[in-house]
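*Asks:* Model the structure of this input:
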Amino acid sequence: MAATAFSEDELLYLSALQHLVFCERQCALIHLEGQWNENYLTALGRVMHEKKVDQPAQESRGDLKIEYGMPLRSLRLGLSGKADAVEFHRQPDGSWLPFPVEHKLGKPKIDDSDRIQLCAQAICFEEMLSVQVPRGALFYGRPRRREEVAFDEALRQKTQETAGRLHALIKAGITPIAVYEKKCDACSLVDLCLPKLANRSKSVHSYLREIMGS
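*Replies:* Coordinates of the predicted model:
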């Protein structure tokens with residue numbers, strides 16, 4: 001494991017990894033500028049977490065223990081947060097192996113944002129508990145399906161790189177310009193970001209430069 005890279009004062013929200021992978025501008029609007037705006041999907045997600053996972057709680061069933069709302073921290077990644085749910089499975093030697101489970105409202109995503117967020121949780125547990133966490137799961141509310149995720153070296157490397165990008169973005173303190181993509185339509189910050197307006201402004205600027213010959 002790499003040496004400690006960050007102090008307690010430098011820790012960023014673990015959940016920001018997902019925002020960054022989805023859109024760097026969205027991440028900056030939320031975590032640099034403090035902007036937030038709920039839409040139907042984010043409101044449903046918030047209610048789901050408040051009901052099920054945000055309050056610290058425990059369950060125990062034989063060789064399985066479940067912790068909800070467990071605090072997380074990694075000085076190596078420079079991240080802190082809270083785990084939706086963590087299953088602790090009793091091993092043959094009597095130890096308990098953590099298996100993080102992240103709850104998501106919608107369906108599985110094309111990008112790696114959810115898997116990176118979950119892998120970061122696993123790295124936190126490894127650092128906090130001095131154990132190896134080989135896999136976890138994403139539970140998606142719409143299909144009500146659980147998708148197991150293996151924390152292989154490729155995903156761990158991508159998670160480390162994403163955490164580094166997050167710290168670089170926050171340290172730079174600059175919000176990236178808006179660039180419209182289809183995914184913008186589902187973003188709760190679309191009315192604050194105004195990506196379509198930014199695209200139109202660029203088009204007008206390009207047109208004026210062309211007719212003025214500059």
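
*Asks:* Select the helix or strand of the protein having the lowest average pLDDT value.
*Replies:* The weakest-scoring helix or strand in the chain, judged by mean pLDDT, DSSP states H and E, is helix 40-52 (a mean of 52).

*Asks:* which helices and strands does the following helix or strand past that one pack with?
*Replies:* Later in the chain than helix 40-52, the nearest helix or strand by DSSP states H and E is strand 57-61. In terms of contacts (3 or more Cβ pairs under 8 Å, 6 or more residues apart in numbering; DSSP states H and E), strand 57-61 is packed against strand 64-74. In this view, the C-beta of every residue, glycine as well, is placed from N, C-alpha and C.

*Asks:* Need the contact partners of the following helix or strand past the strand it packs on.
*Replies:* Sequence order places strand 79-90 as the next helix or strand after strand 64-74, per DSSP H and E. Residues from elsewhere that reach strand 79-90 (Cβ atoms under 8 Å, 6 or more residues apart in numbering): 11-15, 17, 49, 52-54, 62-74, 96-103, 120-121, 124-125, 163.

*Asks:* So among those residues, which ones count as buried?
*Replies:* Buried subset of the contacts of strand 79-90 (neighbour count, 16 or more other Cβ atoms under 10 Å): 11-15, 17, 49, 52-53, 65-70, 72-74, 96-103, 120-121, 124-125, 163.

*Asks:* quick one: average pLDDT of the top helix by length along the chain?
*Replies:* Using DSSP state H, we find that the single longest helix of the chain is helix 153-172. Model confidence over helix 153-172 averages 98 on the pLDDT scale.

*Asks:* That's all I had, so thanks and see you.
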